[in-house]
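Engineer: Just need the structure, nothing else, for what follows:
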Amino acid sequence: MNEHEWLAERFEADRTRLRAVAFRMLGSLSEADDAVQESWLRVSRSHTGAVENLDGWLTTVVARVCLNMLRSRKSRREEPLSGHESIVSRERWTDPEHEALLADSVGLAMLVVPSLRDASLHAVDSRLTGVLQRRARHVVTENARVARTAALLRGGALQAIGALLDESHASLRDDFEVSCAELDLATQTARSAGAWGARMTGAGFGGCAIALVPSGQGLAVTGAVRAAFAAHGYRAPTVFPVTAAGGARRCE
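Structural biologist: Take a look at the predicted model:
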């Protein structure tokens, strides 16, 4: 069996899954078939010797073909799923590697938006699932929280921002999954000690947290966080009292 015959056999074995990917993106079985066929034409002209994950590579090719098809029309077509449940089965998509590939290649196309800031929470929750849904939900809800925070700042309602900080941390912890035990402890302890709200900040997996503390409560919050870290056997945290100010700007 030569390389072309081997590739054709592998593609045919994966055709049902690839058709399901295309259908979820395009919403049309006929267009899904066209996308899969176009993908085969592209794949058959490619060299696969350096491809380490053939399933993932085929998924990416199909996703890119579907993206091109979506860009060429004004709306996403919808066809009823009745009678086609097996076509969109996700039994073979439970591998974390496949989830990552779908997140990278298919996610925005399923929402049919140029970027996540243009997506609605309803679209995220109704069209996406699993890890991809949680990641996208964090982005969409965080953008909304930023807009609400800006409005509260303009209105001078500082204390109300605390609840948004708390929501943000919960989203970073549960949906984006970039928090850690130390940051969770720091934010929870700060709130219990009198902070209006707190969240982790930075890239995640450690680093810093920020707490919004009313005037006069700084020492109490600092002491409580340090005591909590000591009780859990964590390294002593460094606390920086700061006052909010304007953003960076060019000095004339």
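
Engineer: Strands of the stretch 51-200 of the chain, start to end?
Structural biologist: Counting by DSSP state E, counting those that start in this stretch, residue ranges of the strands within the stretch 51-200 of the chain are 197-201.

Engineer: mind listing what residue 44 touches?
Structural biologist: When contacts are counted by C-beta atoms under 8 Å, 6 or more residues apart in numbering, residue 44 touches 4, 7, 8. Glycine gets a C-beta too; all of them are placed from N, C-alpha and C.

Engineer: buried subset of those?
Structural biologist: For the contacts of residue 44, burial is judged from neighbour counts taken by 16 or more other C-beta atoms under 10 Å, and it is met by residue 7.

Engineer: pLDDT check: weakest of the contacts of residue 44?
Structural biologist: Minimum pLDDT for the contacts of residue 44 is recorded at residue 4 (80).

Engineer: secondary structure class for that one?
Structural biologist: When the structure is reduced to helix, strand and coil (DSSP: H, G, I helix; E, B strand; the rest coil), residue 4 reads as helix.

Engineer: ok, it - contacts?
Structural biologist: Contacts for residue 4 were tallied using C-beta under 8 Å, 6+ apart; they are residue 44.

Engineer: residues near the closest residue to residue 139 other than its chain neighbours, how many?
Structural biologist: Residue nearest to residue 139 in three dimensions, not counting chain neighbours: residue 116, with 4.5 Å by C-beta to C-beta, 6 or more residues apart in numbering. Counted with other C-beta atoms under 10 Å, the neighbours of residue 116 add up to 19.

Engineer: Distance-wise, check residue 116 relative to residue 135.
Structural biologist: Distance, residue 116 to residue 135, using C-beta to C-beta, to the nearest Å: 9 Å.

Engineer: Quickly find the element holding residue 209.
Structural biologist: Taking DSSP states H and E as the criterion, residue 209 maps to strand 208-212.

Engineer: That strand vs strand 197-201, what angle?
Structural biologist: With axes from the mean of the first three to the mean of the last three C-alpha atoms, to 10 degrees as the basis, strand 208-212 and strand 197-201 are set at 160 degrees to each other.

Engineer: what's next to strand 208-212, contact-wise?
Structural biologist: When contacts are defined by C-beta under 8 Å, 6+ apart, strand 208-212 is touched by residues 158, 161-162, 165, 169, 183, 186-187, 190-191, 195-202, 221.

Engineer: Just the buried residues of the residues you listed.
Structural biologist: If we count by 16+ other C-beta under 10 Å, these have these buried: 161-162, 165, 169, 183, 186-187, 190-191, 195-200, 221.

Engineer: Out of these, which comes closest to residue 24?
Structural biologist: Taking C-beta to C-beta as the measure, residue 24 lies nearest residue 169 of the buried ones among the contacts of strand 208-212, at 32.3 Å.

Engineer: ok, now which ones touch that closest one?
Structural biologist: The contact partners of residue 169, taken as C-beta under 8 Å, 6+ apart, are 179, 183, 184, 187, 198, 199, 200, 209.

Engineer: Before we move on, what's the pLDDT of it?
Structural biologist: Per-residue confidence (pLDDT) for residue 169: 97.

Engineer: before we move on, what about residue 206?
Structural biologist: As predicted, residue 206 sits at a pLDDT of 77.
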